[in-house]
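Visitor: coordinates only, no sequence provided:
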């Protein structure tokens with residue numbers, strides 16, 4: 001299907017974690033070290049937080065305070081009403097490598113993924129972990145042996161986690177206390193790579209599920225981190241819609257019938273930190289966002 005794709009934000013380094021909150025778009029820029037918000041059309045851009053150790057996943061506590069992942073120092077930060085950032089949780093003893101994307105539930109519990117290996121400097125691929133951060137900042141590892149746990153969505157009492165280097169999406173039941181049970185493959189696109197050197201891993205990825213968002217029919221839009229596209233996936237792995245961006249696509253978000261795509265030429269840290277080629281794109285889709 002041919003759709004009009006429009007630019008909403010341009011001139012950034014590398015955008016991640018697009019969210020829609022209180023009528024505004026929010027997004028992190030890894031190498032600008034900022035969280036920014038804007039009107040849905042891209043106007044009125046505001047700097048919401050400065051995160052020197054690299055911002056990623058975004059979410060909000062029930063009282064409206066912003067949570068933001070600080071990747072390199074392995075923390076989740078909390079923005080207080082006066083705008084100051086404080087440490088909400090320290091994940092350095094729980095998760096290996098950079099911490100990354102995050103989803104926050106209606107009780108304020110945050111589920112945070114991690115790289116698990118030194119991606120940007122050619123480290124060997126290794127499985128990683130997922131942690132839960134409770135509203136009081138308590139950190140608990142809730143899942144292990146995940147291949148780069150990345151974009152996640154909550155569909156009622158089900159948590160769906162993208163495994164970017166695992167060719168799959170994995171689901172868990174969320175118990176009343178926030179623990180995860182009944183682990184299963186929600187969608188599989190291929191086998192788990194047998195190689196560990198990243199240059200050999202990438203060709204083995206049929207789909208590299210990166211960022212994610214949920215629609216009103218329970219399907220999940222995912223960014224295919226190696227395919228330059230966004231895919232709408234149903235449980236079981238059926239791909240039922242696709243948006244080609246003509247660029248790398250590394251995260252997605254939704255507001256109403258609008259799908260937002262974080263686009264950049266690639267995910268190489270050295271190239272992206274030295275260029276401002278990242279864009280936030282928008283395209284209209286048939287099924288609206290969940291909720």
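Guide: Looks like it came in fine. Computed from a prediction, not measured in an experiment: that's the story for all the values here.

Visitor: look at residue 194 and give its secondary structure.
Guide: coil (DSSP: H, G, I helix; E, B strand; the rest coil).

Visitor: what's the neighbour count on it?
Guide: Per other CB atoms under 10 Å, the neighbour tally for residue 194 reads 8. To be clear about C-beta, it is placed using only N, CA and C from the backbone, and glycine gets the same treatment.

Visitor: report the contact partners of it.
Guide: residue 204 (CB atoms under 8 Å, 6 or more residues apart in numbering).

Visitor: quick one: it and residue 205, what's the gap?
Guide: Counting by CB to CB, to the nearest Å, the gap from residue 194 to residue 205 is 12 Å.

Visitor: angles on the backbone of the residue of the chain most remote from its centre, please.
Guide: In terms of distance from the mean C-alpha position of the chain, residue 82 ranks first, at 26.8 Å (CA atoms, centre = their mean). Main-chain torsions, residue 82, degrees, to the nearest 10: phi -90, psi 0.

Visitor: cool, and residue 120?
Guide: phi -70, psi -20.

Visitor: then residue 201?
Guide: phi -70, psi -50.

Visitor: quick one, what contacts it?
Guide: When contacts are counted by CB under 8 Å, 6+ apart, residue 201 touches 125, 165, 193, 195.

Visitor: excluding chain neighbours, give the residue nearest to it in space.
Guide: residue 193 (4.6 Å; CB to CB, 6 or more residues apart in numbering).

Visitor: how close does the one you found get to residue 162?
Guide: Taking CB to CB, one finds residue 193 at 15 Å from residue 162.

Visitor: ok, now residue 42?
Guide: Distance of residue 42 to residue 162, given as CB to CB: 26 Å.

Visitor: which residue of the two possesses the greater neighbour count?
Guide: More crowded of residue 42 and residue 162, by other CB under 10 Å: residue 162, with 31 against 16.

Visitor: residue 212 is in contact with that one, correct?
Guide: Yes: look at residue 162 against residue 212 with CB atoms under 8 Å: they come within range, at 5.4 Å.
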